[in-house]
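S.K.: starting from these lines, generate the structure:
(chains A and B)
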Amino acid sequence: MDQFIQDFAELFDEPGRFAPETEFKNDPDWSSLSGISVIAMVDKKYGVALKGRDIQKARTLADLYRTVKEKQA
Amino acid sequence: MPPHLLRIPGVKIGGIAAAVPTESVPISAFGEEFGRDYIAKFSAATGIKALRRAAPGQTASDLSFAAAERLLDERKIRRGGVGLLIFASLSPDYRRPATACVLHKRLRLSADCGAFDLGLGCSAYPYALAAAASLLAVSDAPHALVLAGETMTRNINRRDRSTVMLFGDAGSCTLLEKEEGSAIQALLKTDGEGYRDIIVPAGGFRNPETARGDEKCADGAVRSLDRLVMNGMNVFSFSIGDVPGAVKEFYGATGTSADDYDLFALHQSNRQILGQIAEKIGAPAEKIPLCLADYANTSAASIPLALSAALGGNDSPDPLRTLFCGFGVGLSCAAASANLVPREILPPAETDESFKEGEIRALADLEE
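M.R.: Predicted coordinates:
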């Protein structure tokens, strides 16, 4: 989980603010471009293809991490 | 089950030309409306620096017509030998007739010639190559034409920051010829589940009313039902997952690998997507023509435009083994292979001309 948070945070300019309970889509820097960066990062580092709805459904970063793990399984 | 590969013998690509309108809009021009920060991020991710915008009254068929006239003249093709014209586009001149019929008249082709439209967008080019080559292979005609063009700037909502800087306008013409020993192969794929992921919901017969107001969406972008609405995340996911998957299937079905190709003619969606696809299909960057910086994503025209920009003016007679891949609205994707001879490819031309006779603004204009 810590690694995932770090990988996610690296997509943003000031990465210090992210934690498992962060509701990432409420972040002021979040945009549809960020969603695309997340899909690219997960594809590259975790080898799975997230769809738009996977990101829509996830509220927190922990939710998103759970989806990634489920897809890997 | 093995993939349904199309093997089309005895047909080759005999030339490509492209045309763009003269007006070049730099992405920086959108800075005031969307913020310089957003523009910088957008440009860094997509590789787009400028786009071409069609002149008032100019259509995708005008741009494709200009490319076709030039190609037929340069390659000295007898017009009576053209047995088929396919116009591959989602930017038709009219609701009916098929724009291919208008182009048939303008290009002075013979009555002994089939002409129809192929309604796909970013995947249209390899689809149209496959369709035209298949028909040509079983026809007595020596030549077929694929005209692929779009005026995407008219399909988008100018206030939609997620699409307005992504797309530009262009037209193209590709000549197909009979040649013994040549072959074109193709693999056509569809994910109909994604039909809503790139859509203009209004203006068709399910939802004919086109006058629609703008709405501000959850992601901050402004959109409307009468213009392109794109689910960027789903399209991205399709592009970096299903698309390289299709190319790998194509490798498997044709018994080829990345090393067997000199050139990878990929739909110019955006740089980030192209980079990810290239990595997965083993395509080295120097073998991928790119024209995003100057022309943005021109949908159906993007592959021939990229080839025209990269190879036009090169007088090498040596064929390049080329892999084509187009993907997008549908969701739809096709991979194909054919040889290209650089000296048969013309550099992009600029034109603002349009078909005045076609501007039917009053019923009186239709009177004989």
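
S.K.: and the helix or strand where B:L187 lies, how far from the chain's centre?
M.R.: When secondary structure is defined using DSSP states H and E, the element that contains B:L187 is strand B:169-190. Distance of strand B:169-190 from its chain centroid, counting by C-alpha atoms, centre = their mean, to the nearest Å, is 13 Å.

S.K.: partners of that strand, with directions?
M.R.: For strand B:169-190, the paired strands and their directions (DSSP bridges) read strand B:6-20 (antiparallel), strand B:143-148 (antiparallel), strand B:150-151 (antiparallel), strand B:332-340 (antiparallel).

S.K.: what comes into contact with the helix or strand just after the first one?
M.R.: Spelled out, that is strand B:6-20. Downstream of strand B:6-20, the first helix or strand assigned by DSSP H and E is strand B:23-26. Residues from elsewhere that reach strand B:23-26 (C-beta atoms under 8 Å, 6 or more residues apart in numbering or on different chains): B:K49, B:A50, B:L51, B:R52, B:R53, B:A54, B:A55, B:D294, B:D352. The C-beta positions use only the backbone N, C-alpha and C, and glycine is treated the same way.

S.K.: bridging residues for the fourth one?
M.R.: Which is B:R52. As for beta bridges, B:R52 partners with B:S24 under DSSP bridges.

S.K.: mind listing what it touches?
M.R.: For B:R52, counting by C-beta under 8 Å, 6+ apart, the contacting residues are B:V20, B:P21, B:T22, B:E23, B:S24, B:V25, B:G168, B:D169, B:A170, B:Y295, B:A296, B:T298.

S.K.: residue 31: how many residues sit nearby?
M.R.: No chain specified, so I'll use chain A. Burial of A:S31 is recorded as 20 neighbouring residues (other C-beta atoms under 10 Å in any protein chain shown).

S.K.: hm, I was asking about chain B
M.R.: Burial of B:G31 is recorded as 14 neighbouring residues (other C-beta under 10 Å).

S.K.: check which helix or strand the residue in chain B that chain A sits nearest to maps to.
M.R.: Sorted by distance to chain A under C-beta to the nearest C-beta, the residues of chain B start with B:M233, at 3.4 Å. Element membership of B:M233, judged by DSSP H and E, is helix B:232-240.

S.K.: would you reformat the contacts of B:R52 as a markdown table and include pLDDT?
M.R.: As requested, those are arranged in a markdown table below (pLDDT from 0 to 100):
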| residue | pLDDT |
| --- | --- |
| B:V20 | 98 |
| B:P21 | 98 |
| B:T22 | 98 |
| B:E23 | 98 |
| B:S24 | 97 |
| B:V25 | 96 |
| B:G168 | 97 |
| B:D169 | 98 |
| B:A170 | 98 |
| B:Y295 | 98 |
| B:A296 | 97 |
| B:T298 | 97 |
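
S.K.: put the buried members of those residues into a ChimeraX selection.
M.R.: One line in ChimeraX is enough to select the buried members of the contacts of B:R52, burial here meaning 16 or more other C-beta atoms under 10 Å in any protein chain shown:
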select /B:20,21,25,168,169,170,295,296,298
